[in-house]
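**Q** Fold the following.
(one chain, ligands or ions: 1)
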Amino acid sequence: MKQIAIRKHFSYFKTNSEEIQSNSFDEKLDQLDEELRAVFKKYGLEMVERQTQFLPIQKLSIFHCEQCNQLMVNRDMNPTKFDSNGLYDDLSYVVLDGGTHDGKNLCEECLPFAHRWGHYS
Ligand SMILES: [Zn+2]
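**A** Numbering: from 1, shown residues only. This next block holds a predicted model:
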């Protein structure tokens, strides 16, 4: 039985409003896509689709976990995270939940079990 396997790859880069408005990253990203397409092809993969979404770091309370460096939303500061916007469903793999513990921003996996946003709480 033939099957097709669809694989997602996630990456991120930091930018600012000036760079977004001037499209200065577009050329660099086009070159990256071209190189990725060649690498994917080498392994028999077809790069079909990619999307770039821009998230306002301060507005959404996005930080790097101070223990493991994973991107996270501090849910103590932003309880609604991405406001259940369907466009952001996949981002839970990239931007974890997290919160504040002992004055530090920690992701859901580094927070203690008892913390409201701890992984298994
Ligand atoms: Zn962490």
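**Q** Near D102, how many other residues are there?
**A** Number of residues near D102 (other Cβ atoms under 10 Å) recorded here: 7. Heads up, the C-betas are built off the backbone N, CA and C, glycines and all.
**Q** Tell me which residues touch it, please.
**A** Going by Cβ atoms under 8 Å, 6 or more residues apart in numbering, D102 touches no other residue.
**Q** One more: L55?
**A** I62, L91, V95.
**Q** Of these, which is the most crowded?
**A** Going by other Cβ under 10 Å, V95 tops the contacts of L55 with 22 neighbours.
**Q** Relative to the ion, how far out is that one?
**A** Applying Cβ to the ion, to the nearest Å, the value for V95 to the ion is 12 Å.
**Q** And E66, by the same measure?
**A** 8 Å.
**Q** out of everything not next to it in sequence, what's closest to that residue?
**A** K104 (4.5 Å; Cβ to Cβ, 6 or more residues apart in numbering).
**Q** Just give the number of residues close to that neighbour.
**A** K104 has 14 neighbours, counted by other Cβ under 10 Å.
**Q** repeat for the one 10 residues further on
**A** By other Cβ under 10 Å, 9 other residues sit near A114.
**Q** Look up phi and psi at it.
**A** Note on A114: its backbone torsions stand at phi -80, psi -10 [degrees, to the nearest 10].
**Q** what does E108 give?
**A** For E108, the backbone dihedrals are phi -60, psi -30 (criterion: degrees, to the nearest 10).
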